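Chemist: Structure, please.
(chains A and B)
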Amino acid sequence: MELLIENLPEWVPQFLWASLQTLQLTFAAFVLAVIIGIVVALLRRTHVAPIRWAMVVFVEVGRGTPALVILFLIYFALPDLLPALSLDSFTAAALGLGLQGGAVLSEIFRAGIDAIDRGQREAGISLGLTPGQTMVDVVAPQAIRVVLPPVGNYAIGLLKDTSIASIIAAPDLMLRAKDLASSSFLPMQVYVLVAVFYFAMSYPMSLLVGQLELKWARHRH
Amino acid sequence: MGFWHTMVEVFPRFMPVLLEGAVIAVEVAAGALVVALAGGLVLALATLAPLRPVRFAARAYIEIIRGTPALTQLFIIYFGLADIGLGLPPLAAAIVGLGGNGAAYLAEVYRAGIAAIHRGQREAALSLGLVPTDVMRYVILPQATRIMVPPFCNFAIQLLLATSLVSAVAAPEIMFRARNLVMETYLSPHVYLLAAMLYLAVSIPMSHLTARLEQRLKRSR
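Modeler: Sure, this is the predicted structure:
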């Protein structure tokens, strides 16, 4: 304990800086995951069967493969196949987590769209809206309420999953912790402190999502 | 020489090595599942305990574990504990780490399952003269278990994918062996693709079975 307190002035600023990197990585992967998730969820409703099948394969593979394997494929394997595709570790981590997140979120979005009564869509069409307008102006605004809590939970999970990026040496909290643990020979103190930093970011997020869930659950009844 | 040509050539050499890793992965997942199932039940019951400090300790454990990355927890258990003289071998650290982590998630599943049983069941059992522990054991839990089976199955799939993380604490599962193979052969695309296929070969059938089970349970209710 004394060793932890003794080292705090040196470690805390480094962890604060690394927290910023973790948040950047989370944000980049999240934005990518939302975009991919929406595109995949919509493409799964197309009438072109091969596109639908391709999306099913993407979702099954994305959800059924560990994030670590996806990161290794993108960071190590891809450049070996095509040297032009060598990415820095941060980009590879954001891309890998974003792709996997896209597969996860597309299922959440799909469930959200399905949760809206089909009468809403039929009413939109019969009022003369195009299917695209019906989706954007009628279904999506209602579906957002349904999907926001699970999307929030996904974001919290993602924040913690970015720690995996440290295994491909992407700059983040966990990588900083590994460096400090090996340079200080105080792994217990360092890893407990880094856990505190992760908790300080994820706990407020989970309280927020919990509030949101409660509020909207009440609205619906 | 083409990619697939090499793949066919190295397949008989790589696959047995990766399969040995798969056996370890399944062992770790099974061990962690037992720890998580037992720990989760204890935690769920503790959150319902009449004693406030017990409730508080259980809530604190759940929030802290869910608020920090599994990788960080594994590092605390493997590197941190070794540093203060409580070193665990890699496999034990992996089982304790993933199991202790899973217990916090399953506690919520148990809680939701218990809460889903109509309170009339509890009142009826109490009025028939059962003591509260017997009510839980003979009336509530047997009914709640039916509801909890699909989430347990989904958890088991996630757990199997999460075993890839324990390669970072030197447990010789699939990814650990894959990295060694890459160091020997420099064939990272082939090795990591085979590893991904190995995970998918288990996770995709398992998630389909779980989905079918869920449908059947839903219909029978």
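Chemist: From A:Leu173, how far off is B:Ala103?
Modeler: Between B:Ala103 and A:Leu173 the distance is 24 Å, computed by CB to CB, to the nearest Å. Glycine gets a C-beta too; all of them are placed from N, C-alpha and C.
Chemist: Over to B:Asp134?
Modeler: B:Asp134 sits at a distance of 47 Å from A:Leu173 (criterion: CB to CB).
Chemist: Have a look at B:Ala103 and A:Leu173 and say which one is more surrounded.
Modeler: A:Leu173 (30 against 24; other CB atoms under 10 Å in any protein chain shown).
Chemist: Pull the contacting residues for that one.
Modeler: Taking CB atoms under 8 Å, 6 or more residues apart in numbering or on different chains, we find A:Leu173 in contact with A:Phe15, A:Ala18, A:Ser19, A:Gln21, A:Thr22, A:Thr162, A:Ser163, A:Ser166, A:Val194, A:Phe197, A:Tyr198.
Chemist: hmm, try it at 7 Å
Modeler: A:Phe15, A:Ala18, A:Ser19, A:Thr22, A:Ser163, A:Val194, A:Phe197, A:Tyr198 (CB atoms under 7 Å, 6 or more residues apart in numbering or on different chains).
Chemist: Okay, and which of those residues map to helices?
Modeler: Assigned to helices by DSSP state H, the following of the contacts of A:Leu173 qualify: A:Phe15, A:Ala18, A:Ser19, A:Thr22, A:Val194, A:Phe197, A:Tyr198.
Chemist: As CSV, these with distance to chain B, neighbour count and pLDDT would be great.
Modeler: Putting the ones in helices among the contacts of A:Leu173 into CSV (distance: CB to the nearest CB, whole Å; neighbours: other CB atoms under 10 Å in any protein chain shown; pLDDT from 0 to 100) gives the following:
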residue, distance to chain B, neighbour count, pLDDT
A:Phe15, 12, 22, 96
A:Ala18, 13, 22, 96
A:Ser19, 13, 18, 97
A:Thr22, 10, 28, 97
A:Val194, 6, 28, 97
A:Phe197, 9, 22, 97
A:Tyr198, 5, 24, 98
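Chemist: what's around A:Gln100, how many residues?
Modeler: Neighbour number of A:Gln100 under other CB under 10 Å is 24.
Chemist: where does chain B have low pLDDT?
Modeler: Counting by pLDDT under 70, the ranges of chain B that qualify are B:1, B:221.
Chemist: So which residues on it come close to chain A?
Modeler: B:3, B:63-64, B:67-69, B:71-72, B:75-76, B:79-80, B:83-84, B:161, B:164-165, B:168, B:175, B:188-189, B:192-193, B:195-196, B:199-200, B:203-204, B:207 (CB under 7 Å from any CB of the partner chain).
Chemist: Apply 6 Å and report the result again.
Modeler: Residues of chain B that fall close to chain A, judged by CB under 6 Å from any CB of the partner chain: B:67-69, B:71-72, B:75-76, B:79-80, B:83-84, B:161, B:164, B:168, B:188-189, B:192, B:195-196, B:199-200, B:203-204.
Chemist: Pull out the buried residues from the helix or strand hosting A:Asp114.
Modeler: In this assignment (DSSP states H and E), A:Asp114 forms part of helix A:89-115. Within helix A:89-115, the residues that count as buried by 16 or more other CB atoms under 10 Å in any protein chain shown are A:89-90, A:92-110, A:112-113.
Chemist: Who are the packing partners of the longest helix seen in chain B?
Modeler: Ordering each helix of chain B by length in residues (DSSP H) puts helix B:3-47 first. If you count contacts as 3 or more CB pairs under 6 Å, 6 or more residues apart in numbering or on different chains; DSSP states H and E, helix B:3-47 packs onto helix B:52-66, helix B:90-115, helix B:141-162, helix B:174-185, helix B:188-220.
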